[in-house]
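Predicted coordinates and the sequence they were generated for:
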Amino acid sequence: DILVDGKICDCDAVVTCQVGDPVPLQVKLTNWSKHSVGPFALTMMPYQDYQNGVHNYDLQDAITFVGSNTFHIDTVKPAKDSVYFGALLFLYTGDFYLNIKFHEDNCSRELPLSWLCLPSVHIRATEPVA
């Protein structure tokens, strides 16, 4: 489950926030298997999609994380959850996306993409209301 600003995210919906206000993020990993899983790293990477096949991940002047964008997960037991909190701060208006991936934390090889990637979250940063 992914929550942005306290609301569950649907991959088809656009979440709107204001420039200059921290936007709380929450990602909950639930282990539905019969075995413990881990260790993993959860990484959140913002980008802009130029709608021509180009994704711009070089956004350090437009977005900053409050806290870390990577969280380490030791083990998640069967039928248990692991919840991670963070926040984004948008410095400019625009349409942004958040790529969320789980990958193995003990080696450089990533797990199969169908297993570890969540749908991108679409966030629209707008001007603050005066």
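On my side now, so go ahead. Residues are numbered from 1 along each chain as shown.

switch to C-alpha atoms for all contacts and neighbour counts from now on
Will do.

now whatever helix or strand residue 101 lives in, how far from the chain's geometric center?
According to DSSP states H and E, residue 101 maps onto strand 94-104. Centre-to-centre, strand 94-104 and its host chain are 5 Å apart (Cα atoms, centre = their mean, to the nearest Å).

who does it touch, helix- and strand-wise?
On a contact count with 3 or more Cα pairs under 8 Å, 6 or more residues apart in numbering; DSSP states H and E, strand 94-104 meets strand 40-49, helix 113-116, strand 121-126.

buried stuff in it?
For strand 94-104, a neighbour-count test (16 or more other Cα atoms under 10 Å) marks 95, 96, 97, 98, 99, 100, 101, 102, 103, 104 as buried.

Reformat those as JSON lines; add pLDDT.
JSON lines is the format used below for the buried residues of strand 94-104 (pLDDT from 0 to 100):
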{"residue": "95", "pLDDT": "92"}
{"residue": "96", "pLDDT": "93"}
{"residue": "97", "pLDDT": "90"}
{"residue": "98", "pLDDT": "88"}
{"residue": "99", "pLDDT": "86"}
{"residue": "100", "pLDDT": "84"}
{"residue": "101", "pLDDT": "83"}
{"residue": "102", "pLDDT": "78"}
{"residue": "103", "pLDDT": "74"}
{"residue": "104", "pLDDT": "70"}
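
Now distance to residue 81 too, for those residues, in JSON lines please.
Formatted as JSON lines, the buried residues of strand 94-104 follow (distance: Cα to Cα, whole Å):
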{"residue": "95", "distance to residue 81": "31"}
{"residue": "96", "distance to residue 81": "28"}
{"residue": "97", "distance to residue 81": "25"}
{"residue": "98", "distance to residue 81": "21"}
{"residue": "99", "distance to residue 81": "20"}
{"residue": "100", "distance to residue 81": "17"}
{"residue": "101", "distance to residue 81": "16"}
{"residue": "102", "distance to residue 81": "14"}
{"residue": "103", "distance to residue 81": "17"}
{"residue": "104", "distance to residue 81": "18"}
